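Undergrad: dropping the sequence and predicted coords here.
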Amino acid sequence: MALDEALLQRVALGESPPILRFYRWQPTTVTIGYAQSVAKDLDLEVCRQEGLDVVRRTTGGRAVLHDHEVTYAVIAPLNTGKFAHDVLSCYRVIAEVLQETLQQLGLPAELVPGKPRGGHSNPAKAVCFSAPSQYELVISGRKVAGSAQKRHGQAFLQHGSLPLEMDLELLRRVLRIEDRKLMESVGWLNLQASEPLDIATVESRLTEVFRRQLQIEWEHSEPSALEDSLAQLLLKEKFGNPEWNLKH
């Protein structure tokens, strides 16, 4: 999370190029949206018992349990290439890439406009994968992609996750969901895949569809010394600090 924010700041200054980043989680981690309440939406005792990390994202949205999944971050300037300034158009561009990727992998993913974020008055409000919103993907009525965005200057960061597997019972316990039926709308890729998918295959296909749909060429890179230094500072001040992660 710290590196994503560091990259966003550098891209906004025009000092780093647009970035597509993939990463994985060790140990299994719960990320919570910037404005979420830990006290209301998360059972920290269950997290401790199960050895889960907890970190507050700089993006909004709702809680996500990250384990066996493809997690991506897109960090890019606004009003360049395919990314217009308004939030919904950026969501849609990326959602269409995700949809084609899943369809190429044999999954009948549908793009659903859904309802705007916010204003939830039921227990599902804490669960990112419980309801579709803002151009996200469903398969057989189950949401299979979570996403959240942040703007900084003239750039944006979008976090997203595509779970290949999901432990519904752990998700329910971590997020204090008493109604088990709410879990029936939570999806994951291998629930629908004819043959089990692995993370590397999905990442590779996603990279290629991004390249073709956005009409760009990728160049593999590592964080610069300046980006890494800024990430370390943000880790100390925010993402590695319990006062930031548990502040609400």
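TA: That came through fine. Numbering: from 1, shown residues only.
Undergrad: just checking, which helix or strand of this protein averages the lowest pLDDT?
TA: When each helix and strand of the chain is scored by mean pLDDT, DSSP states H and E, strand 133-139 comes last, with a mean of 77.
Undergrad: ranges for the strands of the chain?
TA: Listed from the start of the chain, the chain has strands (DSSP state E) covering 19-23, 29-32, 53-56, 64-66, 69-77, 110-114, 133-139, 142-143, 146-152, 155-163.
Undergrad: strands paired with the second one, and their directions?
TA: Taking DSSP bridges as the criterion, strand 29-32 forms sheet pairs with strand 53-56 (parallel), strand 64-66 (antiparallel).
Undergrad: circling back: what is the least confident helix or strand of the chain packed up against?
TA: helix 87-104, strand 110-114, strand 146-152 (3 or more Cβ pairs under 8 Å, 6 or more residues apart in numbering; DSSP states H and E). Bear in mind the C-beta positions are built from the backbone N, C-alpha and C, glycine included.
Undergrad: try it again at 7 Å.
TA: Counting contacts by 3 or more Cβ pairs under 7 Å, 6 or more residues apart in numbering; DSSP states H and E, strand 133-139 is packed against helix 87-104, strand 110-114.
Undergrad: out of the strands of the chain, which comes closest to residue 91?
TA: Closest approach to residue 91 among these (Cβ to Cβ): strand 133-139, 4.5 Å.
Undergrad: and the angle from the closest one to strand 110-114?
TA: Here strand 133-139 runs at 150 degrees with respect to strand 110-114, directions being taken by axes from the mean of the first three to the mean of the last three Cα atoms, to 10 degrees.
Undergrad: any regions of this protein where pLDDT drops low?
TA: Per-residue confidence for the chain (pLDDT under 70) gives these ranges: 114-134.
Undergrad: about what we covered before: most tightly surrounded among the helices and strands packed on strand 133-139?
TA: Relative to the other members of the helices and strands packed on strand 133-139, helix 87-104 carries the highest mean neighbour count by mean count of other Cβ atoms under 10 Å, namely a mean of 19.
Undergrad: mind giving me the packing neighbours of it?
TA: strand 110-114, strand 133-139, strand 146-152, strand 155-163, helix 199-214.
Undergrad: now the residue nearest the centre of the chain: how far from residue 179?
TA: The centroid of the chain falls nearest to residue 160 when counting by Cα atoms, centre = their mean (2.4 Å). Between residue 160 and residue 179 the computed distance is 26 Å (Cβ to Cβ, to the nearest Å).
Undergrad: can you tell me the closest non-neighbouring residue to the residue nearest to the centre of the chain?
TA: Of all residues not flanking residue 160 in the chain, residue 147 sits nearest, at 4.2 Å (Cβ to Cβ, 6 or more residues apart in numbering).
Undergrad: again, but for residue 203
TA: Skipping the residues right next to it in sequence, residue 203 comes nearest to residue 22 by Cβ to Cβ, 6+ apart, at 5.1 Å.
Undergrad: isn't that neighbour right up against residue 69?
TA: No: in this structure, residue 22 is not within contact of residue 69 by Cβ atoms under 7 Å, at 10.5 Å.
Undergrad: among these two, which residue is more densely surrounded?
TA: A side-by-side neighbour count of residue 22 and residue 69, using other Cβ atoms under 10 Å, places residue 69 first with 22 against 15.
Undergrad: apart from its chain neighbours, what residue comes closest to the more buried one?
TA: Leaving out its chain neighbours, the residue that sits closest to residue 69 by Cβ to Cβ, 6+ apart is residue 163, at 4.2 Å.
Undergrad: now do the contacts for the one you found.
TA: 68, 69, 188, 189 (Cβ atoms under 7 Å, 6 or more residues apart in numbering).
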